[in-house]
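In: Dropping the sequence and predicted coords here.
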Amino acid sequence: MNPSIPPSTAEYGGDEVSAIVLDPGYSTTRAGFAGEDTPKSLIPTYYGKYTYDSQEKLIFGDDVFVTPRPGLSVHNPMGRDGIVEDWDMAEKVWEYSFTSRLAGPRPGNPLQNGLNDTPDNELPTEMEGLETEEKPLADSPLLMSEPGWNPTKAREKIIEIAMEKWGTPAFYLARNGVLAAFAAGKASALVIDIGASNVSITPVHDGMILKRGVQHSPLGGEYISSQLRALFKTNAPQPITITPHYLISSKIAVDAGQPPQAKYKTFSPEKAPHASYRTLLEERTLCEFKECVVQVWPGPNKLSGTGPNGVLNEDLAKTSPGRPFEFPDGYNQVFGVDRYRVVESLFDAKAAIPDPESIFPPATQAQTVPELIKNALNGVDVDVRPHLLANVVVTGASSLLYGFTDRLNQELMQMYPGPRVRISAPGNTAERKFGSWIGGSILASLGTFHQLWISKKEFEEHGPNIVEKRCK
Amino acid sequence: MAAADVRDMLDLPAEGQPRPLKKQKVTEKRPEGITRELFALLGERAPPIAINENRYKGRPKWMSKMRVRPWRMAPFENGARSDGLVLRHWQRQNEPAKPALEGSEMEVDDKTDGKNASETVEKDYMFAKYNIKARVPNRYTDEEYNRHLKNDDWTRQETDYLMDLVEEYDLRWVVIADRYDYQPHPVDAETNTTALVPAKRYRTMEQLKARYYFIAASMLALEHPPSEMSEAEFELHEKMMKFDPERERSRKELAALQLNRTADEVREESILLEELKRITANEQEFITERRELYSRLEVPISVGNTTMYQSSQGLSQLLQTLLQADKSKKRRSILGPESAGAAPSPAGQTPASNAPGSARDSRADTPNASAPATTATAAAAPTNKKAAAAAAAAAAAAATKEAEKTVKTLTPAEEAKYGVQHHERLAPGVQFRSDRAQKLTQAKSNVQTQKLAAALAELAVPLRLVMPTERVCKEFEKLIHSVNLLLDARKVAEKVESEIRVLEAAKEERERKTKESQQEKTSTTSTSTSKPEVKSEQQDEDGPPLIPADAAAEAATAPDPKGPATAAQAEGEPAAEVKGTSGVPAGLTEGQDGASHKRSASVLSNASDKSNKRQKK
């Protein structure tokens, strides 16, 4: 078969088997049916935990943000490096992601659902086959994504959950880098994924990752938030404290730079939610700030360097008009050159705003995006490097920072002036946010893919280790 | 005045022609979805935007007569799988009743019946055919391995591992090299931790490839000996046997270097490439120009009468016709932007190339004032006229040089290198240097021309110069000049000789007569009249010893009462030129070969012989 001749339209190969695609991330978990263009179910990976009537209760989904229940604490089952830490909770969060919108909840145990309550005078009858209760994914194959550096143990755990707990008839585990490349329509690509907790570079060749080239560093969206907090602490007219919306009962408009005049809600200590709840909601405000204000210095050269005509880039940045932002408490200010500074450390570690209280250690040069790309390319064969550079795929919600791709392009051109550098970054926000999910949606709806599923039978024959053999 | 009156006046028949029909008023159709009242308000001209209600376009009527074709969730089995996994997808349900209507759209499950379709599982899955694996060589047996494939560097286990990997990844070497991770003794390392675990070896892609190609080629050769292989197999075998890991490695090093070029290097390379493109383009242009020139030169010489073009009127007429022809051709115009300033002449049809490339053109033009050369010759032999001319030329050259210095400073060496020349006066239009040389060989009289040709033939100089470069032309000019001089000298010498002969005969006659008279002893006066004649000859002979060429010149300038015309002619020629003739052979050696040098020497010796003879006399 000649690969350069496209198949005829009849052979384009869509064949949907109502598979579910699950793309768990650090910040959000995406789930939906294969063949659709956006995930139907988008929930935060954070979950809330509180005690009510001395019973531990859990909150999943967007409900986490809504009510500041007393003692509500927020947790995340994923570690900052993208590997699951709390398997039990991860399973529950993931299950919620598809049962809430896609597959429907698992029917309750007939013994307890009230329909089979026995009258008091009768002995409960032994019911056979109660254990074989319906599992949530009994008729949907499941495609899950994982980061390129996922250890074998985690992969085996995932397939165990999918097969044993959810009862899926077929399962496949794909690298999210590969899926993002597929979403961009490429089988070979250099995938740059700027996520919430991680920046990862994945070289993909013919639909398979090149393990020696996979690079990741923690300079993701959370890191930018920490930089923002550091910036707010040292802000010029006055330090800014972020007060989330749930703490504000009313506010009065104030002039720019003036202290806020707002009425705050107060919670008594026993009614107040846990500090992690506040952090989560502060993160929402910061997210808004990132979307509205933060901008990546477009280059050429670093923000601390000089432009092509000898003017300091900082001076140039100062001349550009600032952007105003109003915080939930009414405080507002125009942000000038600072809005470039907070993300500059993604490209230039020296430009990081120091903050000793931050949970992130100071960024090193090796963690910056250009260095990661360099290392990733050095890890792969020299023959494919030019091809990878010509197929750079940018994905991940944090890559939506204004001017990010321009700067990335500049940096790549500077690093590799010889080969052709071509960045493919979809302009559509949804496509950028859900890149790997969309790739999974494409993959799982292909007729030719159905031979790759790991079936239940195979799993039972070979055990969880089959995932290593099949999902290469 | 009515129309009838007009008709009457003009004697036209009443109602001669039927009246033109009135234009039918076109009533625009009211589009659907717009009320009549609203449409009336719109006037005659419909608005540019169609006001149409957005309605759902229902299916055509004929479709509603068709029966609904149901879809069903059908289980299927993938033939490419070995485990018999049954998945479900939507399929159009087969309708046994009306196969004619939808026969073309029938899917794979033609045979399945409507009733029991849900139970039967499709067997032939349409995507199973894409399940293809790369062809890998047969596996070796133990014996084969031990006999043919042993290698000190590779253990049997590692070779097996490599072959497995190659098969698993379908010969994608990039992936294979990436995933290659062979643990030499996995079991030993676990059971016996104290044992020395050999350091894990990192294998490069070239090593892997070399090993694999060796094995694949050997297996191929074992299957069919090379003499029995098909062509494709043999080619494959050759290719695999010739794999050179060392060369591949150095190639990759070069590729890495190429990838990691600095911006400056990249810029330089692009500039060089640009330059190369320019050079090749120029070369191409030059070649086409030269071809055009050749085709022009190879045009058969016209035998028609050219006298009509010798007047300026005739020339301008010719130019007009040529311009006309050029316009109709619509190719590059004669009066193109660059040549518009130049004198318009038919010869200008050769397009003048742009300024930097015009060195060739200027060289092709008149070689009449190559300033340094003329000044040099003038300095060698300063005589009044030539010196004046040379001084003027030098002054002009200096002036032009000065003028040029302000514009662009080129040293004489550079000028010589680039062929830059300075002309005092340029004749309009194109001239061929060879034509000028040709003209020199045409003397006034036919006899003289023939003599010239004979002299040139003796010197083995072709009448038409083979390579009329500037220097050759100059030397040729000098040569022709000296040949002319020599011819003149010979003519004079012959004349003098004949006169001498006549005089001697007269003398003899006279002597005879005097003898007779002496015998008769009568006259004494007649002898005294002839004396001064002889004496003048003797005076002539008594002159200082001269080099042969000078002697010829002397002979030419010597006062000769009987040939005043020739003497005057000879006097007209500057002496310096005569002196120059002695330099001819030396000058000629530059352009001609040694043989011609000898010959020209013989010509001179001939001439000097004659003058010597005369001197003896």
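Out: Good, I have the coordinates.
In: Tell me the residue of the stretch 201-350 of chain A that sits nearest chain B?
Out: Residue of the stretch 201-350 of chain A nearest chain B, by C-beta to the nearest C-beta: A:Leu210 (4.4 Å). Every C-beta, even on glycine, is put in place using the N, C-alpha and C of the backbone.
In: wait, B:Tyr169 sits on B:Arg179?
Out: Yes. Between B:Tyr169 and B:Arg179 there is a contact at 7.1 Å, judged by C-beta atoms under 8 Å.
In: Which one of the two is surrounded by more residues?
Out: Between B:Tyr169 and B:Arg179, counted using other C-beta atoms under 10 Å in any protein chain shown, the more crowded position is B:Tyr169 (20 against 17).
In: number of nearby residues for the residue nearest to A:Tyr47 when sequence neighbours are not counted?
Out: Excluding the flanking residues, the one nearest A:Tyr47 by C-beta to C-beta, 6 or more residues apart in numbering or on different chains is A:Phe60, at 5.2 Å. Burial measure for A:Phe60: 22 neighbouring residues, criterion other C-beta under 10 Å.
In: which ones are touching A:Phe60?
Out: The contact partners of A:Phe60, by C-beta atoms under 8 Å, 6 or more residues apart in numbering or on different chains, come to A:Ile43, A:Tyr47, A:Gly48, A:Lys92, A:Val93, A:Tyr96, A:Ser100.
In: Could you look up the SS state of the first one?
Out: To tie it back to what came earlier, the one meant is A:Ile43. Per DSSP: H, G, I helix; E, B strand; the rest coil, the local secondary structure of A:Ile43 is strand.
In: who does it bridge with?
Out: Per DSSP bridges, the residues bridged to A:Ile43 are A:Thr29.
In: these two touch, right, it and A:Thr29?
Out: Yes. Here A:Ile43 lies in contact with A:Thr29, judged by C-beta under 8 Å, at a distance of 5.5 Å.
In: Close to chain A: what parts of the stretch 201-350 of chain B are there?
Out: If contacts are counted using C-beta under 8 Å from any C-beta of the partner chain, the residues of the stretch 201-350 of chain B sitting beside chain A are B:Met205, B:Lys252, B:Ala255, B:Ala256, B:Gln258, B:Leu259, B:Asn260, B:Arg261, B:Thr262, B:Ala263, B:Glu265, B:Val266.
In: Turn these into JSON lines, columns for secondary structure.
Out: JSON lines is the format used below for those (three-state DSSP):
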{"residue": "B:Met205", "secondary structure": "helix"}
{"residue": "B:Lys252", "secondary structure": "helix"}
{"residue": "B:Ala255", "secondary structure": "helix"}
{"residue": "B:Ala256", "secondary structure": "helix"}
{"residue": "B:Gln258", "secondary structure": "helix"}
{"residue": "B:Leu259", "secondary structure": "helix"}
{"residue": "B:Asn260", "secondary structure": "coil"}
{"residue": "B:Arg261", "secondary structure": "coil"}
{"residue": "B:Thr262", "secondary structure": "coil"}
{"residue": "B:Ala263", "secondary structure": "helix"}
{"residue": "B:Glu265", "secondary structure": "helix"}
{"residue": "B:Val266", "secondary structure": "helix"}
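In: most surrounded residue in these?
Out: For these, neighbours were counted by other C-beta under 10 Å; the highest total belongs to B:Met205, with 20 neighbours.
In: contacting residues for the closest residue to A:Pro328 other than its chain neighbours?
Out: Nearest residue to A:Pro328 in three dimensions, chain neighbours excluded: A:His245, at 4.7 Å (C-beta to C-beta, 6+ apart). Going by C-beta under 8 Å, 6+ apart, A:His245 touches A:Leu281, A:Thr285, A:Pro328.
In: Could you do A:Leu58 as well?
Out: Applying C-beta under 8 Å, 6+ apart, we find A:Leu58 in contact with A:Tyr47, A:Gly48, A:Lys49, A:Lys92.
In: rewinding a little: and the pLDDT for the residue nearest to A:Tyr47?
Out: Confidence per residue is given as pLDDT, and for A:Phe60 that number is 93.
In: Relative to chain B, how far out is it?
Out: Per C-beta to the nearest C-beta, to the nearest Å, A:Phe60 is found 29 Å from chain B.
In: Kindly report the residues of chain A close to chain B.
Out: So far as C-beta under 8 Å from any C-beta goes, chain A lies against chain B at A:1, A:13, A:15-18, A:139, A:141, A:169-170, A:205-206, A:208, A:210-213, A:380-386, A:414, A:416-419, A:447-448, A:450-451, A:453, A:455, A:457-458, A:472.
In: the strands in the stretch 1-150 of chain B, which residues?
Out: Read by DSSP state E, counting those that start in this stretch, the stretch 1-150 of chain B holds these strands, from start to end of the chain: B:71-77, B:86-92.
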